[in-house]
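K.L.:
here is the input, now give the coordinates:
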Amino acid sequence: MDPIDVAFNAPLKCSPEEKRHFADPALHEAQNSNFPSALEIVTHGLDAHPASEGLLFLKAYFGYKIADAMSNELSSYPKVIQPIGNGALMIDGAMTSRMLDKFQEIVSTLTDAEESVNELLQVNSKNAEIVEFRTYIDLKRQQLNKESETMRAAFNRGPQLAGNFCRGCKKSISFETQKIVLRSSQDSRLEAWHSGCFQTVKN
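P.N.:
Prediction:
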């Protein structure tokens, strides 16, 4: 079982009204893995009951589950930077941009979840399960931040080192939308090619 689901065994402190109108309907949605709807329900509940410990915890929990699902989806994406032989790399610019946007979305969702936990700890600072929950979310967020920063750094270095023009057709290259090949020239300078131009020369 996911450690975050173990943390979910923490008791929910909800009033009967909060439970009936918000917690129970949200948990019903969550049982069907419809976490966005579950999150929307508890968020509305918090508009009316901003100090509800149970709803704050559910908001953080459902936010984490949404981020986790997006993270799993991200892992199924094709590799955006691939070696293609002789030290050359193929970079799918459009997919890289899409992945970086997704990373940012996931980190933002985790940040929102962590803020809900922080609010909860202001009224229940000694709950060990909640403290563990926050630590788990924070580690996940840091890991994703590091992955996205590494990818962004590698992505940004291409135009900085190789320029924004194709070595083959001499036309401009969009690293954010096109498939690009990077390779070292004979004098060890980095060259950028449109994928099609590179294949033409290679063949």
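K.L.:
now do the strands in the chain.
P.N.:
Using DSSP state E, the strands assigned to the chain run over residues 81-85, 88-92, 179-184, 190-194.
K.L.:
C-alpha coordinates for the third one, CSV please?
P.N.:
Below are the C-alpha coordinates for strand 179-184, written out as CSV (Å, rounded to 0.1, in the frame of the first residue of the first chain):
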residue,chain,number,x,y,z
LYS,A,179,12.5,17.8,-33.3
ILE,A,180,16.1,18.7,-33.1
VAL,A,181,19.4,16.8,-33.4
LEU,A,182,22.4,18.0,-31.5
ARG,A,183,25.9,16.7,-32.3
SER,A,184,29.5,17.8,-31.9
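K.L.:
one step back: out of the strands of the chain, flag the one nearest Leu144.
P.N.:
Leu144 lies closest to strand 81-85 among the strands of the chain, at 17.6 Å (C-beta to C-beta). For glycine as for every other residue, the C-beta is placed from the backbone atoms N, C-alpha and C.
K.L.:
identify the residues contacting that closest one?
P.N.:
Applying C-beta atoms under 8 Å, 6 or more residues apart in numbering, the set of residues contacting strand 81-85 from outside is 89-92, 96, 154, 181.
K.L.:
if we go to 10 Å?
P.N.:
Taking contacts as C-beta atoms under 10 Å, 6 or more residues apart in numbering, the residues outside strand 81-85 that touch it are 88-92, 95-96, 151, 154-155, 158, 180-183, 195, 198-199, 202.
K.L.:
and stretch 154-166, by the same measure?
P.N.:
Stretch 154-166 has contacts (C-beta under 10 Å, 6+ apart) with 80-81, 89, 91, 93, 96-97, 99-100, 171-176, 178, 180-185, 189-198.
K.L.:
any of the contacts of strand 81-85 buried? List them.
P.N.:
Burial by neighbour count, 16 or more other C-beta atoms under 10 Å: within the contacts of strand 81-85 this picks out 88-92, 96, 151, 155, 158, 180-183, 195, 198.
K.L.:
of the residues you listed, which is the nearest to Ala128?
P.N.:
Using C-beta to C-beta, Met151 is the member of these that sits closest to Ala128, with 35.3 Å.
K.L.:
please tell me how far the spatially closest residue to that closest one that is not a sequence neighbour sits from Ala94.
P.N.:
Of all residues not flanking Met151 in the chain, Leu100 sits nearest, at 6.4 Å (C-beta to C-beta, 6 or more residues apart in numbering). When C-beta to C-beta, to the nearest Å is the yardstick, Leu100 and Ala94 sit 11 Å from each other.
K.L.:
about what we covered before: give the contact list for the residue nearest to Met151.
P.N.:
The contact partners of Leu100, taken as C-beta under 10 Å, 6+ apart, are 80, 148-149, 151-152, 155, 176.
K.L.:
please repeat the previous calculation with a cut-off of 7 Å.
P.N.:
Leu100 makes contact with 148, 151-152, according to C-beta atoms under 7 Å, 6 or more residues apart in numbering.
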